[in-house]
Structures are given as structure tokens and as C-alpha cells.
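J.: sequence and computational prediction follow.
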Amino acid sequence: MRLAPHASDLPATSGSTHRHEQSRLGRRGAPGTLLFQVFAGNAAVFIVALLLLAVTPITIHAPIRLRELAFLFGGLLLLLIADLILLRRALGPLRRLAETMHAVDPTRPGRRAKEEAHAGSEILALAQAFNEMLDRVETERRNSARVALAAQEAERLRIARELHDEIGQTLTAVALRAEHAAGQAPAQSEALIDIAETIKASLDDVRAIARELRPEALDDLGLVNALIALCSRVGQQGSLRVRRKFEGGLPQLNADVELVIYRVAQEALTNVLRHSQAAQVTVSLSQQDGNVVLEVTDDGCGLKEGLDEGSGIAGMRERAMLVGADLQITAEAGKGVAVRLKVAQGTAP
């Protein structure tokens, strides 16, 4: 992989870069700069004050009279108000840029500062630099998340294989030996049979954990079948009724995108089981306006006010950001939670 040279390694281009920055910012005091706009506003106020003094038929006595003092203070107040209005107009884009900077949320990428053409060239250059910085930060974060999640999935796959191949085979062998020993020792057959049944139950738990770590159905049968298997397992864990709505003819998606959709559905269903106290949850996968949309909705108690996003929600947002998907989570007290993941067709990290 070739690395782009650092700017300090390119002395021949430093002059052109400096000239480019000068052309973007404009000459100091040139029309269109913030300095010129502020100067022009103040100059206009001073010119108006000069004209008023030149054409107004008023004489200032010494000592000054009360009427003349009131007139001077009134004129000064009007000039200050006019100056404030002009400065507010000139500095308004800077204030709006600062508000946008404060409103940027790393978990909801895509927000950008508005590049106002009528603003001073310095403010326009600042907005452009800020937007470029956000582009770089979001790209770097997406790449870092991709590496971290890939490592996480690889570790999940390794642990799942070890559970299935090593521990699973060992438990199977122990269960078979216990059953064989029960047939050879009738006096202890009942205890040995109980041991064998306990080992088989533990083996089922190990296999279930392995399936949760890495869904074999997703690799072997595809996204829809993996979601069907997931819904079936969740429905067997308690009194929760799981409804499925999967459209046919969905477009082919990138393998990483399918994994993100599956993990979001898995995390949403896990939250329903743990927190929602719901009687029913609906999982749907459909095609809407050129997008593949996953929806998980329940009829539970909803999210508590002020609940942070530490219980899996942050992880869902991180995965959605990885593939450029839009994740929306809406909840009302007593009306359940709706998780909606919208993925553009052909999306690939």
C-alpha cells in the first residue's frame, strides 16, 4: 500500500499551497472579506453622522443646554443601533457556523456547516475547512470501526468454532461414556443417566452460544433464513410472540451489510427480551424507495426518559454508520420501541 507524502515532505509545492490559501481568503481588506464588511458598516455609520452634523441646523452652546444634550444623546443612540444592526448582519454567518459546530453529533454523521456565499471570505473558508475536517474524521472513524468490527467478528468466529469443535465434541464424548457406564452399572444407572442428561443440556447451551457468536445460517443460507432462525430462537425463550414480515425478491446485498442488518435485529430483539416487558414483537424486512429497510417494533413499556445509549444502542449506531445506513430509534412510554434501519441498495463499506 502506497502512502501519500506528508505536506512537509513537499517543499516545492508549499508556495503554491500558500498562494491557494491566499486566493481562497482573498487579500486582506478586499471586498468580500469580514474585515471589509465590518469596516464598511462602521464607515457608513460615520458618514451618516457626518452628514447629519453638516446639514442639521443646530448650534451647540457652551455651556451645553439640556435640549442640545438630549439631541446629541438621541443621535448617538441611533448611530449605535445602526452600527449594531450592521455588525450583527456581518457576523451572523460566524454565529450560525458556531451553532453548527456545537450541534455536530459523532453518532449521527452527515451534518455539515452551510457555506453562505454572502458571508465574508474568511468565514466561508472556515466553513469549508470545518466541513473538510468532518469528512476526514468521519472517514477515519468509519475505517477504524470497520477494522474493529472485523476483528470482533473474526474473534467471535474463532470462539464459536472452538466451542463447537472442541468443547462440543468433548461434552458429546462424556455424555456417551456416561450412558455407556449406566448400561454397565445398573446400580448407578439412574445417577449416570442424570449426568448424561445434564451434559446434553450443557451441550445445547454451548451450541446456542456458538450460534449467537456467529450465525451459521447467515453464512450458509442467507439473510432472510438467518433472520427466520433468529426469530424462532427468540420466540422459544419465553412468552414473547415474534411475528415475521419478510418480503420476497429482495436485492442482493454485500456480505458485510447483511451482517450489520442481522446484528441490529439481534441486538434489538435482545433488548426487547431484557427490557421491554412486551407481549409481541414484529420483525420486518422490506424494500422501500430503493432501500432495504429492517424494522423491529414491540408493544412493551418503551424507553425510560433519559436512558443512555450504552445498552447496545450505541453498538447499533456504530454498525449502521459503518455501512452508511440510517438508524432511527423511536419510543414512547407505554407504547413500545421501534428500531428502523434503512440501507441503500448496493451499499458496501
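T.: Done, it's in.

J.: Three-state assignment for G248, please.
T.: Under the three-state scheme (DSSP: H, G, I helix; E, B strand; the rest coil), G248 adopts coil.

J.: E258: neighbour count?
T.: Using other C-beta atoms under 10 Å, the number of residues around E258 comes to 22. For glycine as for every other residue, the C-beta is placed from the backbone atoms N, C-alpha and C.

J.: ok, then the element right after the helix or strand hosting R317?
T.: Counting by DSSP states H and E, the element that carries R317 is helix 313-322. Downstream of helix 313-322, the next assigned helix or strand under DSSP H and E is strand 326-331.

J.: now do the helices in the stretch 101-250 of the chain.
T.: Using DSSP state H, counting those that start in this stretch, the helices of the stretch 101-250 of the chain run over residues 121-162, 168-184, 189-213, 216-220, 223-235.

J.: want to throw those helices into a markdown table with mean neighbour count?
T.: Below are these laid out as a markdown table (neighbours: other C-beta atoms under 10 Å):
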| stretch | mean neighbour count |
| --- | --- |
| helix 121-162 | 15 |
| helix 168-184 | 15 |
| helix 189-213 | 15 |
| helix 216-220 | 15 |
| helix 223-235 | 18 |
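
J.: want to throw those into JSON lines with mean pLDDT and distance to I85?
T.: JSON lines is the format used below for these (pLDDT from 0 to 100; distance: least, C-beta to C-beta, whole Å):
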{"stretch": "helix 121-162", "mean pLDDT": "80", "distance to I85": "18"}
{"stretch": "helix 168-184", "mean pLDDT": "78", "distance to I85": "77"}
{"stretch": "helix 189-213", "mean pLDDT": "78", "distance to I85": "64"}
{"stretch": "helix 216-220", "mean pLDDT": "74", "distance to I85": "62"}
{"stretch": "helix 223-235", "mean pLDDT": "88", "distance to I85": "59"}
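
J.: same list, these, but as JSON lines with distance to L294 please.
T.: Shown next, in JSON lines, are the helices of the stretch 101-250 of the chain (distance: least, C-beta to C-beta, whole Å):
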{"stretch": "helix 121-162", "distance to L294": "18"}
{"stretch": "helix 168-184", "distance to L294": "31"}
{"stretch": "helix 189-213", "distance to L294": "18"}
{"stretch": "helix 216-220", "distance to L294": "14"}
{"stretch": "helix 223-235", "distance to L294": "8"}
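
J.: out of the helices and strands in the protein, which is least certain?
T.: helix 14-25 (a mean of 43; mean pLDDT, DSSP states H and E).

J.: ok, back up a step: which one of the helices of the stretch 101-250 of the chain lies nearest to D326?
T.: Relative to D326, the nearest member of the helices of the stretch 101-250 of the chain by C-beta to C-beta is helix 121-162, separated by 14.4 Å.

J.: elements contacting that closest one?
T.: helix 14-25, helix 34-55, helix 66-103, helix 189-213, helix 313-322 (3 or more C-beta pairs under 8 Å, 6 or more residues apart in numbering; DSSP states H and E).

J.: output the below-cut-off pLDDT ranges for the stretch 201-349 of the chain.
T.: Counting by pLDDT under 70, the stretch 201-349 of the chain has low-confidence residues at 212, 214, 303-311, 333-334, 345-349.

J.: could you rerun that using 50?
T.: For the stretch 201-349 of the chain, the stretches flagged by pLDDT under 50 are 306-307, 348-349.

J.: export stretch 256-270 as PDB, just CAs?
T.: Extracted in PDB, the C-alpha atoms of stretch 256-270 (Å, rounded to 0.1, in the frame of the first residue of the first chain):
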ATOM      1  CA  ASP A 256     -20.900  -7.000   5.500                       C
ATOM      2  CA  VAL A 257     -24.200  -5.200   5.000                       C
ATOM      3  CA  GLU A 258     -26.100  -8.400   5.600                       C
ATOM      4  CA  LEU A 259     -24.100  -9.000   8.800                       C
ATOM      5  CA  VAL A 260     -24.900  -5.400  10.000                       C
ATOM      6  CA  ILE A 261     -28.700  -6.000   9.400                       C
ATOM      7  CA  TYR A 262     -28.600  -9.300  11.300                       C
ATOM      8  CA  ARG A 263     -26.600  -7.800  14.200                       C
ATOM      9  CA  VAL A 264     -29.000  -4.900  14.500                       C
ATOM     10  CA  ALA A 265     -32.000  -7.200  14.500                       C
ATOM     11  CA  GLN A 266     -30.300  -9.500  17.100                       C
ATOM     12  CA  GLU A 267     -29.500  -6.600  19.400                       C
ATOM     13  CA  ALA A 268     -33.000  -5.100  19.000                       C
ATOM     14  CA  LEU A 269     -34.600  -8.500  19.900                       C
ATOM     15  CA  THR A 270     -32.200  -8.900  22.800                       C
END
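
J.: what does that stretch contact?
T.: Here stretch 256-270 makes contact (C-beta atoms under 8 Å, 6 or more residues apart in numbering) with 153, 212, 215, 218, 222-223, 226-227, 230-231, 234, 242, 253, 281, 283, 285, 292, 294, 296, 312, 315-316, 319-320, 322-323, 325, 327, 339, 341, 343, 347-349.
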